[in-house]
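> this one's sequence-less:
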């Protein structure tokens, strides 16, 4: 829902998101981006987490009071007093200055909704097949109600297009790298063969068959490729481990946004 967050030193328009804290804490970027205080818990009632930019605009800190004014489902003007439990920083000025999260039961009371009533339900699946099964099952729960069920790439079309473009460019660049790698190996073997003409001539003079010499060259190429593959897997694996655990800081003051989705400056 929409609303206005007010403190003793300012006011700002906000988007109010009611969440189930225990579930949200397991995957939400907001829960992972708390820089002051802590994230919401199931026992919390009138607690709120806000973005760092909004906290600066309203001049509030953890533990300070905040009033949220909005209209409920009947159009009545309502207000609720909250206390700031945590401040997050997603790196996106739009998100850090606009989004606030409160417990879902408090949100239902604030907006005059019924118990277990909601405006949006997110389903996360591990595989595409499981997601399709979940969608089919969800449709059976709401056979006659006006409920829209959409995949994430339909809701975030810009982000989905960016991912498809990124995969295509990766495929092209990987093809170029593989071609250059194969060309380098072929060139190395060719130079090795040309520089060993006298060695092969002596072997032929001693009675070695041409097929055996071909087998020797192919064997050398095989072991050269095997050694290079093992070294590549080792160095590549260590590089991926370092990138996954340490990350790479990008020299940008603020994160970039793709399809409305903020990407942090530390990848």
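Sure thing, it's come through. Not measured: the values here are computed from a predicted model.
> residue 68 and residue 16 touch, don't they?
Yes - look at residue 68 against residue 16 with Cβ atoms under 8 Å: they come within range, at 6.4 Å. All C-beta atoms are positioned from the backbone trio N, CA, C, and that covers glycine.
> overlap in contacts of those two?
When contacts are counted by Cβ atoms under 8 Å, 6 or more residues apart in numbering, residue 68 and residue 16 have 3, 100, 102, 110 as shared neighbours.
> now, among those residues, which is nearest to residue 58?
Nearest to residue 58 among the shared contacts of residue 68 and residue 16, counting by Cβ to Cβ, is residue 100 at 10.5 Å.
> mind checking which of the shared contacts of residue 68 and residue 16 are in strands?
Counted as lying in strands by DSSP state E, out of these, are 3, 100, 102.
> mind telling me what element residue 192 is part of?
Using DSSP states H and E, residue 192 falls within helix 157-194.
> could you identify the helix or strand that succeeds that helix?
Taking DSSP H and E as the definition, the helix or strand that follows helix 157-194 towards the C-terminus is helix 197-205.
> check which residues of that next one are buried.
Within helix 197-205, the residues that qualify as buried by neighbour count (16 or more other Cβ atoms under 10 Å) are residue 203.
> list of residues touching that helix?
By Cβ under 8 Å, 6+ apart, the residues outside helix 197-205 that reach it are 193, 210, 213.
> on that earlier part again, which one of the ones in strands among the shared contacts of residue 68 and residue 16 is nearest residue 232?
Closest approach between these and residue 232, by Cβ to Cβ: residue 100, at 47.7 Å.
> roughly how far apart are that closest one and residue 50?
Look at residue 100 and residue 50: by Cβ to Cβ, to the nearest Å, they are 5 Å apart.
> now swap in residue 222 and tell me
Using Cβ to Cβ, one obtains 61 Å as the distance from residue 222 to residue 50.
> which of those two has more neighbours?
It is residue 50, of residue 222 and residue 50, that has more neighbours when counted by other Cβ atoms under 10 Å, with 30 against 10.
> report all helices and strands that the helix or strand hosting the more buried one contacts.
Element membership for residue 50, per DSSP H and E: strand 47-51. Counting contacts by 3 or more Cβ pairs under 8 Å, 6 or more residues apart in numbering; DSSP states H and E, strand 47-51 is packed against strand 65-71, strand 77-88, strand 99-103.
> now that strand against strand 99-103, angle please.
Inter-element angle recorded for strand 47-51 and strand 99-103: 160 degrees (by axes from the mean of the first three to the mean of the last three Cα atoms, to 10 degrees).
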